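1. when you get a sec, could you give me coordinates for this:
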Amino acid sequence: MAEEKSCSCETEKEQRRRELALKANVSAIKKKILVLSGKGGVGKSTVSTNLATGLAKKGYHVGLLDIDIHGPNIPNMLGLQGHSPLVTDMGLFPLKVFDNLQVISIGFFLEEKDTPVVWRGPLKHRMIEQFLSDVRWGELDYLVVDSPPGTGDEIISIVQLLDNVDGAVIVATPQEVALADVRRSIKFCKEASIPIIGIVENMSGFVCPHCGNTVEIFKTGGAEKLAEEYKVPFLGKIPVDPQIVKAGDEGKPMMIYFPEAKPAQAFAQVVEKITEKLKV
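-> Numbering: from 1, shown residues only. Okay, here's the model as predicted:
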């Protein structure tokens with residue numbers, strides 16, 4: 001019995017430590033942004049990466065938190081595959097992309113990049129909690145959270161743990177079937193009292209690599225109309241460009257390595273609107 005009591009006290013002590021660490025870390029973040037999408041395959045991680053690098057490029061101190069437990073793409077997007085965060089007695093230190101941009105992802109802890117993560121909700125919640133309580137983020141102007149598609153366990157956990165989310169950026173593509181899922185994300189934000197910073201229409205027109213003209217291979221403007229329908233801001237259109245694919249594969253964010261490309265210019269305008277809305 002004495003041993004059981006001792007274990008119980010240790011558990012309570014550890015939980016209390018984590019709660020205090022969580023509160024301290026979260027209070028050091030000025031603005032917390034969720035990047036959401038109603039469905040997969042809309043380029044949400046590309047948007048998250050370029051928003052974070054765009055904010056860092058403007059001189060802000062930025063953290064990029066990847067909570068897509070089953071499909072962590074952020075390490076690839078930043079060219080950090082195979083890198084591991086520093087673990088010390090003081091805690092876990094996120095990987096630095098630049099002096100003012102740091103990142104954490106479950107992808108850094110997998111033995112192989114294609115190792116599947118087969119977890120239920122409680123384990124996901126614990127991992128996300130550790131990313132916020134045990135990681136030494138320091139003081140941040142912005143924390144950008146790359147979330148999985150939909151409104152499942154990970155989204156619920158991050159909203160609960162952050163307590164006060166400053167806003168959500170919802171990523172959409174022009175197709176009607178994708179916009180139906182965006183409606184669910186909008187309604188989720190309203191029900192969860194999360195302010196919507198705005199909607200980004202990704203894959204909006206194709207930039208020809210030969211002539212530079214934009215061709216609407218998908219219809220365009222659907223997300224903008226949806227924003228008008230729900231009376232939420234529209235942040236802009238990001239065109240499809242072969243350089244985006246190349247940049248993602250090579251771990252070179254558009255905002256940093258290809259600033260003159262049309263998608264990078266579009267991302268710059270989105271970042272400008274976000275900083276105007278969420279001033280630090």
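
2. could you pull up the residues touching Val87?
-> Phe93 (C-beta atoms under 8 Å, 6 or more residues apart in numbering). Every C-beta, even on glycine, is put in place using the N, C-alpha and C of the backbone.

3. and the residue nearest to Ala192 when sequence neighbours are not counted, helix, strand or coil?
-> With C-beta to C-beta, 6 or more residues apart in numbering as the criterion, Ala192 has its nearest non-adjacent residue at 5.7 Å, and that residue is Val159. Going by DSSP: H, G, I helix; E, B strand; the rest coil, the secondary structure assigned to Val159 is helix.

4. can you pull the contacts of Val159?
-> When contacts are counted by C-beta under 8 Å, 6+ apart, Val159 touches Leu34, Val165, Ala192, Ile194.

5. distance of it relative to Leu140?
-> Distance of Val159 to Leu140, given as C-beta to C-beta, to the nearest Å: 18 Å.

6. do Ile199 as well
-> The spacing between Ile199 and Leu140, counted by C-beta to C-beta, is 24 Å.

7. higher neighbour count, those two?
-> Ile199 (26 against 21; other C-beta atoms under 10 Å).

8. would you list the phi and psi of the more buried one?
-> Here the main-chain torsion angles of Ile199 (degrees, to the nearest 10) amount to phi -110, psi 140.

9. OK, contacts around it?
-> Listed by C-beta under 8 Å, 6+ apart, the contact set of Ile199 reads 169-172, 182, 223-224, 226-227, 232-235.

10. run the last query once more with 6 Å
-> With contact set as C-beta atoms under 6 Å, 6 or more residues apart in numbering, Ile199 has these partners: Ile170, Ala172, Ala223, Ala227, Phe234.

11. could you export the residues you listed to TSV, including columns for neighbour count and distance to Ser133?
-> As requested, the contacts of Ile199 are exported to TSV (neighbours: other C-beta atoms under 10 Å; distance: C-beta to C-beta, whole Å):
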residue	neighbour count	distance to Ser133
Ile170	30	27
Ala172	31	32
Ala223	27	35
Ala227	22	35
Phe234	18	36
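
12. and those residues as CSV, adding distance to Val26?
-> Rendered in CSV, the data for these read as follows (distance: C-beta to C-beta, whole Å):
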residue, distance to Val26
Ile170, 23
Ala172, 28
Ala223, 31
Ala227, 29
Phe234, 29
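
13. show me these that map onto strands.
-> Restricting those to those inside strands, with DSSP state E as the criterion, leaves Ile170, Ala172, Phe234.

14. and the gap between the last one and Ser45?
-> If I follow you right, that is Phe234. 21 Å.
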